[in-house]
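Enquirer: Got a predicted model here, sequence first, then my questions.
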Amino acid sequence: MNYKTAYITLIMLAGNLISCAQSEIPKNFKEIKIPQKNSEQTRKLNYSRNEYKVSFENNKLKVENYSSSRNSELKINNGVLKGYNHGEWGGKLLFEPNDKTKKEIEIKEGNILFLFNYNNKIYFIEGLAHLSVNEGFLYELQIDGDKFSYKKIIDFGDCPGAYTIFKDNIYVASYQNFYKIKNLKMEILYKNDFWRSLYPNSIAIKNEEKVFMGIRGGIVELNLKTKTKRLYISKV
């Protein structure tokens, strides 16, 4: 192999490495500097008409416009659990039996944000961020026939906006924090961060170094190993 061939080979290898290290972010987004709290840039993001939802589809990051849903459902053996979230006007958790001769059962009052199965048990997340109130909780739902009870597992101290389950851990993005829940023990990975008032709505995880969060006005990229963060907004 002569020097010219070796040089071309090195250039090609370097190009491949750069390509592999490129961001997952779509080309119609650009990175901007993380804004300071209460800055003009934060205000612009807060008043943005665009909210972006993130997910992985065929191992590729998908970004689309977010459409809010205040209700959640989870089918169980003999009926459907229904969670309602009406913000400052409250909400509730109901059970609607498959047997229509039976009445629905109100299990709990409160703003029910998410219902999900985890390790063969049923959990729900409740929360509210309004005026001076900013709270959120994780509950385990217990079912014995037609009887329902629940116990509080975690007090977030902040209102959750999105969650996902990745490699048997629960990740929660809240009003201003980001949590990892392992074996039902909570760890705060990012606290009092810049997305306060930007309302996280979705989390997409490729690995611990590639974690994405959809918010109002943009997309956040987190590296949970280095605890770094990046912000992207639309070029349009």
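Expert: Nice, thanks for sending it over. Keep in mind that this is a model prediction, so the values were computed, not measured.

Enquirer: quick one: residue 96 and residue 105, what's the gap?
Expert: According to Cβ to Cβ, to the nearest Å, residue 96 stands 8 Å off from residue 105. Where C-beta positions appear, they are placed from N, C-alpha and C, glycine not excepted.

Enquirer: shaky segments in the chain?
Expert: 1-23 (pLDDT under 70).

Enquirer: What segments of it are helices?
Expert: Counting by DSSP state H, the chain has helices at residues 3-21, 40-46.

Enquirer: Tell me who's in contact with the one residue sitting closest to the centre of the chain.
Expert: In the chain, the centroid-proximal residue (Cα atoms, centre = their mean) is residue 162; its distance is 2.9 Å. Neighbour list for residue 162: 172, 173, 200, 201, 202, 203, 213, 214 [criterion: Cβ atoms under 8 Å, 6 or more residues apart in numbering].

Enquirer: Surely the fifth one and residue 51 touch.
Expert: To tie it back to what came earlier, the one meant is residue 202. No. Contact criterion Cβ atoms under 8 Å: residue 202 and residue 51 do not qualify, at 9.4 Å.

Enquirer: Which neighbours do those two have in common?
Expert: Shared contacts of residue 202 and residue 51, defined by Cβ under 8 Å, 6+ apart, comprise 66, 214.

Enquirer: Please say which of the two ends up with more neighbours.
Expert: Neighbours per residue (other Cβ atoms under 10 Å) separate residue 202 from residue 51, with residue 202 holding more: 22 against 19.

Enquirer: Please report how far residue 69 lies from residue 84.
Expert: 11 Å.

Enquirer: Also residue 37?
Expert: Using Cβ to Cβ, residue 37 is found at 32 Å from residue 84.

Enquirer: These two: which has the busier surroundings?
Expert: Between residue 37 and residue 84, residue 84 has the larger neighbour count (other Cβ under 10 Å), namely 16 against 11.

Enquirer: I'd guessed that one sits against residue 71; true?
Expert: Yes. At 5.7 Å, residue 84 counts as touching residue 71 under the criterion of Cβ under 8 Å.

Enquirer: Find the residues that touch each one of those two.
Expert: In contact with both residue 84 and residue 71: no residue, using Cβ under 8 Å, 6+ apart.

Enquirer: Looking at the chain, which strand is longest?
Expert: Criterion DSSP state E: the longest strand present in the chain is strand 133-144.

Enquirer: Quick one: list the elements packing against that strand.
Expert: Contacts defined by 3 or more Cβ pairs under 8 Å, 6 or more residues apart in numbering; DSSP states H and E place strand 133-144 against strand 121-130, strand 147-155.

Enquirer: before we move on, back to that, looking at the contacts of residue 162, which is nearest residue 222?
Expert: Closest approach to residue 222 among the contacts of residue 162 (Cβ to Cβ): residue 213, at 6.7 Å.

Enquirer: Next, the contact list for the closest one, please.
Expert: 54, 162, 173, 178, 195, 200, 202-204, 219-222.
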